[in-house]
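Peer 1: Sequence first, predicted coordinates after that:
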Amino acid sequence: MATLASARYLPLVDTERWAYRSLMPTELETQFTELIGSRVSIRLHDPEGGFRDILGHLLTPYTLRNKRGEIIEFSHSEIFVWKRVIEKV
């Protein structure tokens, strides 16, 4: 079920701990700053259409390191959905 929280928020969708982009990019920066070092999964809008997923540990609010050690940059405006992922042991 989607709701409109306020004029500065996009529609909110709550489905099984995924965080759909309900915040503006500047507010996402604050959340991602608090999550630096955490493992996250982010689904991005692909410029050619569709989506692509990235998974890894946040290094900065705009970069993460995947399991191959590659640093991936992304823009908050590209984010469709994201969530914090439980660490592998």
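Peer 2: Received the coordinates, thanks.
Peer 1: so is Ser41 in a helix, a strand, or just coil?
Peer 2: For Ser41, the assignment made with DSSP: H, G, I helix; E, B strand; the rest coil gives strand.
Peer 1: Please give me every residue in contact with it.
Peer 2: Going by CB atoms under 8 Å, 6 or more residues apart in numbering, Ser41 touches 53-55, 82-83, 85. In short, each C-beta sits where N, CA and C put it, glycine included.
Peer 1: could you dump those to TSV with neighbour count, pLDDT and distance to Thr33?
Peer 2: Listed next are those as TSV, based on neighbours: other CB atoms under 10 Å; pLDDT from 0 to 100; distance: CB to CB, whole Å:
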residue	neighbour count	pLDDT	distance to Thr33
Asp53	11	95	22
Ile54	16	96	18
Leu55	13	96	19
Trp82	23	92	14
Lys83	13	92	17
Val85	14	92	18
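Peer 1: Return the member of the residues you listed nearest to Glu34.
Peer 2: Trp82 (13.2 Å; CB to CB).
Peer 1: ok, the closest one to Tyr62 distance?
Peer 2: Counting by CB to CB, to the nearest Å, the gap from Trp82 to Tyr62 is 13 Å.
Peer 1: How far does the strand ranked longest in the chain sit from its chain's centre?
Peer 2: Ranked by residue count under DSSP state E, the longest strand found in the chain is strand 51-60. Chain-centre distance of strand 51-60: 8 Å, with CA atoms, centre = their mean, to the nearest Å.
Peer 1: Could you do stretch 62-81 as well?
Peer 2: Worked out by CA atoms, centre = their mean, stretch 62-81 lies 8 Å from the chain centre.
Peer 1: Check which residues of that stretch are buried.
Peer 2: 64, 74, 76, 78-79, 81 (16 or more other CB atoms under 10 Å).
Peer 1: Now do the residue of the chain most remote from its centre against Leu64, distance only.
Peer 2: The centre of the chain is farthest from one residue, Val89, which by CA atoms, centre = their mean lies 22.5 Å away. Separation of Val89 from Leu64 (CB to CB): 20 Å.
Peer 1: Tell me how far Lys88 lies from Gly50.
Peer 2: For Lys88 relative to Gly50 (CB to CB), the value is 27 Å.
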